[in-house]
Structure formats: C-alpha cells, structure tokens
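Trainee: Fold the following, please.
(chains A and B)
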Amino acid sequence: MPQHTFTLNGTQVTVEVADDVRLLWVLRDILGVMGPKYGCGLNVCKSCTSHINGKAFNPCAVPVSQIKESDEITTIEGLPATVGRELHPMQEAWLEEDVSQCGYCQPGQIMAAVALVRKVREEGRAITDDDLDGLRNICRCGTYQRIRTAIKKGESRM
Amino acid sequence: MAEQSRSPENPTRRRFLGYLIAAPTLAVGVTWAAGGLGEDAAEAAIPSPPQPEDLFDLGDLQNLAALPTSGLIAVQVNEDGTASFALHRCEVGQGITTTVAMLIAEELDLPVEKINVTLSDARPELLMNQLTGGSNSVRSIYTPVRTASAIARQQLVRTAAARWGVPENEVATRDGVLSHKSGRTATYGSLATAAASDRTIQVTVDLKAAADFRVLGKPHNRIDARDIVTGRKQFGMDLRVPDAKPCMVRRPPTINGTVRTVHNMAEVKAMPGITDVAVVTYGVAVRGETFGQCIDALRALEVDWRPGTVAGESDATVLAKLKKAQLPMAVPPLGSISVDAEFTFAFASNAPLEPDNAIADVRSDRAEIWSTLKVPIDAQQDIARQLGLPQDKVVVHVVPGGGSFGRHLFHDVAAEAAEISQKMGKPVKLSWSRTDDFRQGRTHPMSVSKVRATYLLGNVLTYEQRHASTETDFSHGLGEMITSTAAELPIAGNYSFAQTVFLLSQSVPYNFGVVTQLLNEIPLKFNTGSMRNIYSPNVVTAMELVVDRLAAKMRKDPVAFRREFLKDKRLRAVLDKAVEVGQWGRTMPKGTAQGIALHAEYRGAVAMLLEIDCRPEIVNRPIEHGVTGPRVTKATIVVDAGLPLNPRGLEAQMIGCLNDGIALALTSSLHIKDGIPLEGSWDDYFYTRQWNTPPEVEVVVLPPTSDTPSGAGELGVAPAFAATACAYARATGTMPTSFPINHGTLGFEPFPLQPSTPQSPTDGLDHTF
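Mentor: Predicted coordinates for the structure are as follows:
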C-alpha cells in the first residue's frame, strides 16, 4: 500500500492508503479530522473547504497522491494556530455575528472567507459585494446575510 | 439589578405542578400537563365565522395531544454547579437547544453557559410528545421547562433556608448562588446533593412574570456556536462507534426501484478497502475503510434493476393528473367581476446540506442506532419491527442534524442502516451520497392551486381556493397523534389526515365574504414528505398574487387594499411597520419593483416587503455553473412572534425563511423525468446562493404582543415566497403562474442515472484561491 506524507495542521503525518482516495476521506476516515464536511463530494457545495499552502481548496476533489510532502494542509481545526491564537479573527467575527444555524457548512465558509481576504489583500484591495457574491459555499439554512457581515468584520481584524 | 427573591406561596399567581424525583442530586420533573395547553387554548372564545386554522391551529392540536402523557422531562442540578436537561426534541439548526437553555436559566437563576442541553434518546413513554415539527417545540416546551426549573430553584432555596434556619423568602438566588442578608452564601453545586429528594413527590411553584425576565426576550447567541466555528460540533458521520465502517449504497435508476440481479458481488468485495457487499431493499450496500472506496465499489457493481414505484411518471404526467383531480369551484366564472388564476408548483427537495446518514450496530438480540431523527419513537418502533426485535432492545440515539427542512421527520436512512448492519452482521456508518439525497430522498410534492375570487361595488364577495397536490406522506406518526385526538375536536371530524393538516394550517386573513380552501391529493408513490412550512408557501403565494390582482382590478394600491380587507390587527401591525421601514411606494427604476406579502400561522404574524431587480443586465449576469435570473435586492421583514424569547434566533430563522422563499419562487425545483429527479447536486438544485441573496436585509422583531411565544422556524417561508412572486409580477407586468419561474428551462447537464453516485473530481488543485 502506498504511503503519503504531508503536513496537517502543523504536524507531519504519514498515511497508508491507495493513491486515488480523495484527501477528504483520508482526513476524515483515516486521520479522524472531522472539521471538513462531506456535502457533495463533487467540489460543488464547498463544505469541505480547507487550505493548501494557505489557499482555499476542496479535498473532496484531490486524490491523496497529488499532495506533496512539502504541502501544508490546514483544516478548520488548525486555523487558530496560523495566527497563534485561541481563535482566528474570522472565527471571532462568526461568533459575534452569531452566524451559524445548523453549522454544517460553517467550517468551510470560514476557511473560504479567510482565503478570500488573503486573496484580495494580495491584489491590494478590500472585499467588495461582488467578491461576496462570488463565494460558492452553500448554506442551506440561508445564513448568507450574517456570513457577509462577519466576513467584512473578520477582514477588518485580519 | 436586584437579586431574585420570590415568595413560593404567592396566592395571586397561577401555580404550576411538578415532581421532585428521587435521585442522587436535585432532579425535578414535569409532565406536559403542567402547561402543555397554554393561554391560546381551544376553549378560548372564538369570533365567528372562523376558518379551522383560526379556531384551532396545528400547534394547538399538538399541545392537546401532549396532555395525557405521563412521561416526565427532568431538569437536574449537578454537584459542579451546572444543570442538565435531556431535550426530547431534535436540534437541526433552528436553535431549540439555545432557547431551552435560556428557559432554564431564567427560572433557575443560573447563567446560560452553565446549562447543558443534550438530545434525549427515543423515549417511548413520551408517546407522540417526542416530535420535532410544526414549529411547535417552543410553544409546547415553554411552560413545562420553566416549571421544572422554577421548582429546582425553589427546592434549593428551601434547602438553604432550612440549613441556615432562616425564612425561605429571605433567601435570594443569582447566577447559581444562594445568599442571605446575614452574609451566608452557598453555590447550587454545594447543595445539589442536600436538595435531592429520596422519594418522588408532587410540588407546586410560581413562575416569573414576563416583566421580570432577565434572560428571555433578550438576544442570545447560540450555545453551540463555538463548537461549530472550531469544527468540534459532532454530526452523525463525525461520531466514532467501534467497527462502524463507512457504508454507501448503489441505487436504482428510478425512485424505489429494486435489484433484479447483481453480476459481480465477489469481484467488488475484493476491491481495495472493501469489506462487505449486500443486497438490500432499494439497492446494493458496500462497506469499506473509507467512503471514497465505497464510492469506487458501488460504481463498479453491475446490477440489473426492476422499475420503481413511479417509473412512468414525469413532470407533465403528474401535472395532468393534478389538473384532473382539481375539486370544482362553487361559484361559476363571472367574467368581468371575477379573478381566475391557476398556479403550478414544481417538486422541490427538502434535502439539507448534510446528506442523510445513520450509524447502526445490530446484534442478534439488540440494536443501537444513531441518527438525526425528529420522530425517534416512530423510528424505534419501525426498526424494531423490521429487525424482529422487541422495541426496548433497540436503543435510538438522536444526533444533532446539519439541517432538516422536513427531511428528518422520516427515518429512511436509519432503517436502511439497520437493515444493512443486520445483513452484514457488522456495525455500519451509512451515508447517502449527495445524488441519492436529491434523487431518492423525500420531496415536497408538485401541486396545482386554483383560485377564483369575485368582487362587486368595492367588496370581495367570494374567495375559493382548490389545492391539488401529489400525496404528502405523513406516516411518520404525527398522524397517529392527530387521529388519536381528532374525535375530540370541534372541526376535524372525519377529514383525512392530510386534509386535517391543511385545514389547521391554512386560512385567508382577509374579509373576502364566503371563503373556502380545499385540498385534494392524488396517490402517486413518490417519496414525499413535509417541507418547511408544509402547504403554506404554495397556498399563500397563490393567494397573495390574487390579492394583488384584485387590488389592481379594483384600482387600489396593494398595501391600501390589504389594510382595507385585513381581519387581524396583528397582521395590520406588521404590515404597517413593514411599509414604514421598507419605504413602500418609493420610486424605483423600470424593471424593478417592490412586493409585499403577509402570513399568520403558529400564532405568529409576518410581513415581508421585498425589492426585486428584473432588468436584463441582472437577469443575464453570468455565473459559472450557476443560475442567476432576477435578484431580490432588498428585504424588510417584520415579525410578531407573540412573546419573542430569543430575538437573535428569531431573526436568524426569518433570514433562513427568506432565502428559502426566494429559492422556491425563482430557482429551486426538481425536474422529474421517467420516474426520477434529474437533479444530482447543488449546481443542479439551485437553492439560493450568495449571488442570488439580497445584500440588504432588515429584520424587525416587534415587542411582545402575547404572553406566550409563537412558532417561528417556518413562519417566514410562505410570505418570502409570496412577496418575491408579487414583486416579480409588478416588476415585469406579468403575473407568474408556474414556480419556480425558471423551471421551464433545464439549466444544467444532468449526471448519468447509472452508476447512481457520480465519481468525485480529481482536479481540485486547479481551483484553489
């Protein structure tokens, strides 16, 4: 059985699993990291959104063999450590705005929001309504308005 | 604020009954009889002539059905100073655990953070009182939970008073601490054992007046919010049960199709990571080390299928049957003095974001199930029967759900997990795939609503609505509850159950002379079920569109017309507030418009004033793999929830209802073709997305208008749908008659029907940002 080594939430891990198993299942079923959720397995709903080397991606659509030893994977569980705090400012904004309803999509929403802030920063600008319109993460409870408010608040503190 | 010091013997107040339960630490139980039937009771004076919903709504019926139950629900005070309560309801995002924690905090004088609310396992002794639905949870829990908490506080006070040798009315409580003016204090935790009763005895207590509330009525954030944002909240598939390995099912190409032959069972069982393969009622189950390997295996299966229960049906055939089944109107068409309209509502999916899932560990003599279940007792009964086990040998754990919207009234996935576990002889962690959820899961059935209204000399003389629907499955046990009480009701008589639900939930809030609303259902064997707000979104949308049409014919402004004809002062109040806050009648560009709609149900009232943009540059804005179309750009929502307990949660429910209503009006539906929906994912089933949601939303929660809370979780769906439709009609000059408005165009390439679950992509790294 092939071995795969990468960094997960700051710690190097090695797993033994077939090459084509998608990273989502490696995280959830083998490593027991349950923050990224299965909502479609088709890279549509985005509820598994995590970071690879700081950028948002969806592990349901990436075979584990494509992850290199030098790659750093961050899930919601590892997000606070990226800023050396108990909670990331985006998570704090989410709490203050009481965004969540059922909560199933929210880890993915937060990871997408953090990546979006970083992306527009690199482009030297702030988040616009068009940027928010472009977020594909589904919230079937329909918490979109509070998500939008929380992202702007989180952005101001990042 | 002053510390709480209440006399336990105040004779002027209504007293409530509960029990000190024999337990190691202080435990207080109440039956539903303590307050299940609230102030809006059936015997209240009824203005005449009411429609059934005015007289006695579905929630009252649920309250009444709750009365004879003897099972106790209990608040426990622990030695660490916390309180525990196992809630006999399911948390699916509606925030019921937060509201219950607030109820306990209020009467117990303990901070909300110190209250631990868990979900109760199935408890058959509660009969049908363990049902989450009909926006009834808060309405039925409000008094009993407060009563138990107040008795717990009273017992702590008595214990402290006896220990200190002081009168009870000199002992005050605040934030989990008892105190006396002499300076003596004790924490609840330190008296939790001393306050315990060694036998179960009946006691009575006063409850706080609403004016004295310190917790209720003030905005409170969700108690599970921190667990959610850190990824720690556990949903069904996050639980670890020993040896319960991932499991999925290859499913047929038509709804409820069955297996004829499997050609390669042994070959698939030998695939990497796969441990078991078994034929089950509606497909072939595979169990393996990861869900990814289960997807590979189910796709590799070669299966011949028998056709399902609706194999020949498509949108057009169902629609033709519905039109044929329409009940006749009483009034003949009267040309220039009547408005006639017919509306079609497509099938819609109540699938939440979390796919249906369950863990089952079935042994020869017992079984244990974990799943999101809104009627767990019904699940327990059915699964026990299916497995051939006594009911008390099936333990059913209720797991918080990632949404429900009606889906978890049924336990299809739990029953299937039990079947698979029994056949494989091993524990399984069963997840439906996303595509399974849309194609084989429960749907809100297609319906046709026909309306005829007549008017003369400034009056509306008649309003008739005939609603024909594909059968809605209510077999989850609510039916049992209603049939058991129906004979005692003044109005239910011998109506069928669906008609009873329809009549108890529908009413016309306007003085329209002779009013009738009737339901007819056709018995097609689709997998149907209630969806958030059941019949109301479709029925109310048809009605409000006709109201706008009547107003136009009678040359009146939609708001002025509604004001003139409204029967109910609470609806008038929410309407007036929405008109003021949402600036009704402001000048808007051509192709954009406002729309307004009203709805009263669950003893609550809502007005929604929406603005829509139907200009080509908005309608045709490009979004990759997504539909756009008209956009609701602004929403003003005014809600009267009777006694709003947690305005922040209430506001959240209104926002959710808004996005549901927009989806139903504009974008979300299932297209049935040859016995199965074509939708297979969220880029096919177009629930509202960020690019379609209004950037500007304001929710106004009115101050209390009652001393009891209304239901809230579903209250806003119907008016959001109706207001979107009315705004669209005004912006385009054409009244829409088929919903959602984009249903006629298939905006996606359907996934193949076989294999039933599509393979996951491999190009995820090309889409990072």
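Trainee: Now do the longest strand seen in chain B: which elements does it pack against?
Mentor: Ranked by residue count and defined by DSSP state E, the top strand of chain B is strand B:459-470. Contacts defined by 3 or more Cβ pairs under 8 Å, 6 or more residues apart in numbering or on different chains; DSSP states H and E place strand B:459-470 against helix B:315-325, strand B:447-456, strand B:514-522, helix B:536-553. In this view, the C-beta of every residue, glycine as well, is placed from N, C-alpha and C.
Trainee: Let me know which of these is the nearest to residue A:148.
Mentor: For the helices and strands packed on strand B:459-470, the distance to residue A:148 is smallest for helix B:536-553, at 24.7 Å, taking Cβ to Cβ.
Trainee: Alpha carbons of the closest one, as CSV, please.
Mentor: Below are the C-alpha coordinates for helix B:536-553, written out as CSV (Å, rounded to 0.1, in the frame of the first residue of the first chain):
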residue,chain,number,x,y,z
SER,B,536,-48.4,27.3,3.2
PRO,B,537,-45.7,28.5,0.8
ASN,B,538,-47.6,27.4,-2.3
VAL,B,539,-51.1,28.2,-1.0
VAL,B,540,-50.2,31.7,0.3
THR,B,541,-48.3,32.6,-2.8
ALA,B,542,-51.3,31.8,-5.0
MET,B,543,-53.5,33.8,-2.6
GLU,B,544,-51.2,36.9,-2.4
LEU,B,545,-50.8,37.0,-6.2
VAL,B,546,-54.6,37.0,-6.5
VAL,B,547,-54.9,39.7,-3.8
ASP,B,548,-52.6,41.9,-5.9
ARG,B,549,-54.7,41.1,-8.9
LEU,B,550,-57.9,42.0,-7.1
ALA,B,551,-56.3,45.3,-5.9
ALA,B,552,-55.4,46.2,-9.4
LYS,B,553,-58.9,45.4,-10.7
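Trainee: how far out from the middle of the chain is that helix?
Mentor: Helix B:536-553 sits 24 Å away from the centroid of its parent chain (Cα atoms, centre = their mean, to the nearest Å).
Trainee: Next, the buried residues of the helix or strand just after that helix.
Mentor: Downstream of helix B:536-553, the next assigned helix or strand under DSSP states H and E is helix B:558-565. Across helix B:558-565, burial judged by 16 or more other Cβ atoms under 10 Å in any protein chain shown covers B:558, B:559, B:561, B:562, B:565.
Trainee: and helix B:558-565, average pLDDT?
Mentor: Averaged over helix B:558-565, pLDDT sits at 97.
Trainee: what's the angle from that helix to strand B:459-470?
Mentor: Compare the direction of helix B:558-565 with that of strand B:459-470 by axes from the mean of the first three to the mean of the last three Cα atoms, to 10 degrees and you get 100 degrees.
Trainee: Just the helices from chain A, written as ranges.
Mentor: Taking DSSP state H as the test, the helices found in chain A are A:23-25, A:89-96, A:106-122, A:129-133, A:144-157.
Trainee: The stretch 201-350 of chain B too?
Mentor: B:225-229, B:265-269, B:291-300, B:315-325 (DSSP state H, counting those that start in this stretch).
Trainee: go on, the stretch 651-769 of chain B?
Mentor: Using DSSP H, counting those that start in this stretch, helices in the stretch 651-769 of chain B cover B:717-732.
Trainee: Check what pLDDT the spatially closest residue to residue B:541 that is not a sequence neighbour gets.
Mentor: Spatial nearest neighbour of residue B:541, excluding adjacent residues (Cβ to Cβ, 6 or more residues apart in numbering or on different chains): residue B:722 at 4.3 Å. Per-residue confidence at residue B:722 stands at 98 (pLDDT).
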